[in-house]
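>>> Show me the folded form of this:
(2 chains, ligands or ions: 2)
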Amino acid sequence: MTVTEHDIVVIGGGPAGLAAAIAAKKSGVNDVLILERGGELGGILNQCIHNGFGLHTFGEELTGSEYAARFIAEAEELGIPYKLDTMALDITPERVVTAVNRTDGVMTIKAGAVILAMGCRERPRGALNIAGFRPAGIFSAGTAQRLVNIEGYMPGKEVVILGSGDIGLIMARRMTLEGARVKLVAELMPYSGGLKRNIVQCLDDFDIPLLLSHTVVDIEGKERVTAVVVAEVDENRRPIPGTEQRISCDTLLLSCGLLPENELSQSAGVELSPVTGGAVVNESLETSVGGVFACGNVLHVHDLVDYVSEEAALAGENAARYVRGERCEGGEPISLRAGNGVRYTVPSFIAPERAGDKLTVRFRVADVYKNAFVCVYCGDECVQRRKKRVLAPGEMEQVVLTDRLFAENPGLSEITIKIETA
Amino acid sequence: MNTVELTCIGCPLGCNVTVKTEGERIISVSGNTCPRGESYARKEVTDPTRIVTTTMRVKGGARSRVACKTASDIPKGKIFEVMREIASAQAEAPVRLGDVLIVNVADTGVDVTATSSVAASDPQ
Ligand SMILES: Cc1cc2nc3c(=O)[nH]c(=O)nc-3n(C[C@H](O)[C@H](O)[C@H](O)COP(=O)(O)OP(=O)(O)OC[C@H]3O[C@@H](n4cnc5c(N)ncnc54)[C@H](O)[C@@H]3O)c2cc1C
Ligand code: SF4
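Ligands and ions are numbered 1, 2, ... in the order given. As a prediction, this is how the structure comes out:
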């Protein structure tokens, strides 16, 4: 077994891992290594052939693979080494990484700092809670995306999609373009989890109906799906008897949300948030285990890759500061609390000394709000209040906290972010 | 008189915009909260365009498909024609991101370009 040492080890070579490694290298740490379990860099973006990536970062609309290619090119120009087909198996709290591939076998890597960038995976069943056997023809939307876009294989001809998250919407258009008939998209919630633009350009463009407050209650077919039964649900998300409709189809796609992939983080002893499924981090995106940082979809699920890159760069810079011993000691940290209408915040803690002049806090709301206010409270005092015409769980929000706020409120122990409707 | 209902995609608000037309002429646009909604609706009604992204078969490549797109917007009504032409074409490896795969696809004046790279397959 080989034992090596590296200043920074990045786990995952998707957009998060790439941006983190690039930022770490640009911050002056030369010895950065990326471990990627897939056969190429770029992560999930390689199967995202649709456009809509990079508007914030590059001011133009790229496809997922084009966006990834830019970061891969930059990492290669900087000469950042990476190992493909290499799976990280374990991380200890002392930052010893065990990884394996065919050529090197099992490797032990002692890391000055570790950046977790493993992305997320699809919720396996999510809303689908149907007992009994499972005929062929049921795919997660992401698996279908890989089959169609990478393998050039069409999973079916007549399709029903459960879940209106962006991947489901994108796949509705994709399969329609490839000649399938997408009969409908059923969404359990009274609102779609996907971007408006995707509803218009992936469903409306092709007259595909979106049934809100609907779910699949039965699947017919022995060997292969032959039909699904869709029913309306009440406000407690229970199917309403008498509303069932049978829809013949040979394929059911499940687009039921994403979950951060954190088995490795757990082996390192990283504390996870029950809300996001990702690590609890401080202002530096450092987890509860010192020197272990997290970014991208493994930290919390993002809908825009631009924010992934931005967040990951911050993790990379902070990891660089950590290994160079340039980090100032933080005092007692301030807790960030998710108040009314806010599901979670990233980060959860802030050491003001390390927050820089501007700190971006990202969060998601719990419901759809119109003409509401995003408010920041220090104790009872509202220090920031911004009107938003619309807030939706599907779109990540952010507030920016400045060094002035911390300077004007010394000894602060808690900041609350909440939504006010009047 | 004709009435078209649209959802503006200019921002997450997603206003429902109603456009009334008389033949080719737009008589009124309503329901939009800001001017962006009006220009979006006018364009959607008179000249809707889209970028098409898909994949093309590759001959002699390390992979069987290359991702591609129309280099700019094409008329929405031509989406399926563009798809058919791409489906009947085949690229030859190696393909590099940005390579032109079809010139003037479906007579739109727009080219189809590669959005990923495919190396030539290793000679066995
Ligand atoms: C299907 C889909 C469609 C999307 N569409 C859009 C869109 O239209 N516009 C937009 O802006 N954003 C979109 N997004 C969001 C955006 O693509 C993601 O937020 C972004 O790719 C997340 O980057 P990441 O690096 O965190 O994760 P990933 O891209 O998932 O990368 C994680 C990498 O880590 C590797 N890895 C995992 N575990 C290990 C291990 N143990 N050892 C080694 N390597 C490991 C994986 O192989 C993978 O390559 C979409 C996301 C998905 C899933
Ligand atoms: S009309 Fe204006 S406010 Fe309404 S969705 Fe379009 S851009 Fe947004």
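
>>> is stretch A:383-392 anywhere near chain B?
Yes - counting by Cβ under 8 Å from any Cβ of the partner chain, chain B has neighbours in stretch A:383-392: A:389, A:390, A:392. All C-beta spots, glycine's among them, are computed from the backbone N, C-alpha and C.

>>> check contacts around residue 65.
With no chain named, the answer covers chain A. When contacts are counted by Cβ atoms under 8 Å, 6 or more residues apart in numbering or on different chains, residue A:65 touches A:42, A:45, A:46, A:48, A:49, B:67, B:97, B:115, B:116.

>>> meant chain B actually
Each residue near residue B:65 by Cβ under 8 Å, 6+ apart is listed here: A:149, A:150, A:151, A:152, B:55, B:56, B:57, B:58, B:118.

>>> Check residue B:20 too.
For residue B:20, counting by Cβ under 8 Å, 6+ apart, the contacting residues are B:1, B:2, B:3, B:4, B:26, B:27, B:28, B:29.

>>> Any idea how many residues pack against residue B:72?
Other residues within reach of residue B:72 by the criterion other Cβ atoms under 10 Å in any protein chain shown amount to 12.

>>> Nearest residue to it in space, ignoring adjacent ones along the chain?
Distances taken as Cβ to Cβ, 6 or more residues apart in numbering or on different chains place residue B:110 nearest to residue B:72, at 5.4 Å, with adjacent residues excluded.

>>> Could you check how many residues crowd around that neighbour?
Applying other Cβ under 10 Å, we find 23 residues neighbouring residue B:110.

>>> so it sits in a strand?
No - per DSSP: H, G, I helix; E, B strand; the rest coil, residue B:110 lies outside any strand segment and is coil.

>>> Does it touch residue B:71 like I think?
Yes - contact criterion Cβ atoms under 8 Å: residue B:110 and residue B:71 qualify, at 5.7 Å.

>>> how close does residue A:87 sit to residue A:104?
Note on residue A:87: its distance to residue A:104, by Cβ to Cβ, to the nearest Å, is 11 Å.

>>> The helix or strand that residue B:56 is a member of close to chain A?
Assigned by DSSP states H and E, residue B:56 falls within strand B:53-59. Yes - applying Cβ under 8 Å from any Cβ, one finds strand B:53-59 touching chain A at B:53, B:54, B:55, B:57.

>>> Which neighbouring elements make contact with that strand?
strand B:65-70, helix B:79-87, strand B:90-92 (3 or more Cβ pairs under 8 Å, 6 or more residues apart in numbering or on different chains; DSSP states H and E).

>>> Determine which two of the residues of strand B:53-59 next to chain A are furthest apart.
B:53 and B:57 (15.7 Å; Cβ to Cβ).

>>> Comparing the two, which residue is more hemmed in?
Legend: neighbour count by other Cβ under 10 Å for residue B:53 and residue B:57, higher for residue B:53 (24 against 15).

>>> Can you verify my assumption that that one contacts residue A:49?
Yes - using Cβ under 8 Å, residue B:53 is in contact with residue A:49, at 5.2 Å.

>>> Isn't residue A:106 up against residue A:90?
No - at 10.2 Å, residue A:106 and residue A:90 do not qualify as touching, with contact defined as Cβ under 8 Å.

>>> So if I had to pick from those two, which one is more boxed in?
Neighbours per residue (other Cβ under 10 Å) separate residue A:106 from residue A:90, with residue A:90 holding more: 14 against 11.

>>> Please, which helix or strand holds that one?
Per DSSP H and E, residue A:90 falls inside strand A:87-91.

>>> Name the strands paired with that strand and say parallel or antiparallel.
The sheet places strand A:87-91 alongside strand A:96-101 (antiparallel), with pairing taken from DSSP bridges.

>>> Direction included, what does the helix or strand just after the strand it pairs with pair against?
Counting by DSSP H and E, the element after strand A:96-101 in chain order, helix or strand, is strand A:105-116. Strand pairing for strand A:105-116, determined by DSSP bridges: strand A:2-11 (parallel), strand A:96-101 (antiparallel), strand A:292-294 (parallel).

>>> Mean neighbour count, the ones you listed: which tops it?
Highest mean neighbour count among the strands paired with strand A:105-116 (mean count of other Cβ atoms under 10 Å in any protein chain shown): strand A:292-294, with a mean of 29.

>>> Pull the distance from it to the chain's centre.
In terms of Cα atoms, centre = their mean, to the nearest Å, the centre of strand A:292-294 is found 15 Å from the chain centre.

>>> Okay, domains of chain B per the record?
As assigned by automatic domain parsing, chain B contains the domains B:2-47, B:53-114.
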